[in-house]
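S.K.: sequence and predicted model, in that order:
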Amino acid sequence: MDIIFIDDFRISTLIGIYPREKAVPQTVEMSLQIGSSTAHAGNTDDIGDTIDYALVVERLRSELAVRHFNLLEKLAEYVANLLLEDFGATWVRVSIAKLGMMRGVRRVGVVIERGTSA
């Protein structure tokens, strides 16, 4: 399996369980590993034959700008499902972190892996 990756992608979204977090967007840091065969694109040199990471970033920016998630776990599941269902990935690893949430802690977050059953 080949992996397309997007590292250290910072995006603003409403995330959290506290009243302030539900009202004020926060920046989260996301890293994505997207499993998909790139062999055909490697032969054709055509962006249409692979997962276009620019489209992934654009889609996530537009989707997360209008959504609220209580938990990072829910946000990670949402991102994983979007990559699997809408972009045709066969496997994904999604890492999402909140930045500077606690004194003396740079990042807190979650990492999940999901794949298609087919």
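M.R.: Now that the structure is in, tell me what you want to look at.

S.K.: quickly find the element holding residue 63.
M.R.: Assessed by DSSP states H and E, residue 63 sits inside helix 53-64.

S.K.: now do the contacts for the closest residue to residue 78 other than its chain neighbours.
M.R.: In this structure, residue 78 finds its nearest non-sequential neighbour in residue 69, 6.9 Å apart by C-beta to C-beta, 6 or more residues apart in numbering. Yep, even glycine has a C-beta here, placed from its N, CA and C like the rest. The neighbourhood of residue 69, defined by C-beta atoms under 8 Å, 6 or more residues apart in numbering, consists of 13, 14, 15, 75, 78.

S.K.: for ChimeraX, what selects the buried ones among the residues you listed?
M.R.: Buried members of the contacts of residue 69, defined by 16 or more other C-beta atoms under 10 Å, are picked up in ChimeraX with:
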select :13,14,15,75,78
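
S.K.: could the contacts of residue 69 go into a markdown table alongside distance to residue 110, secondary structure and pLDDT?
M.R.: Converted to a markdown table, those look like this (distance: C-beta to C-beta, whole Å; DSSP: H, G, I helix; E, B strand; the rest coil; pLDDT from 0 to 100):
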| residue | distance to residue 110 | secondary structure | pLDDT |
| --- | --- | --- | --- |
| 13 | 14 | strand | 94 |
| 14 | 17 | strand | 94 |
| 15 | 11 | strand | 95 |
| 75 | 8 | helix | 98 |
| 78 | 12 | helix | 98 |
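
S.K.: nearest to residue 36 among the contacts of residue 69?
M.R.: Residue 36 lies nearest to residue 78 out of those, by C-beta to C-beta, at 19.1 Å.
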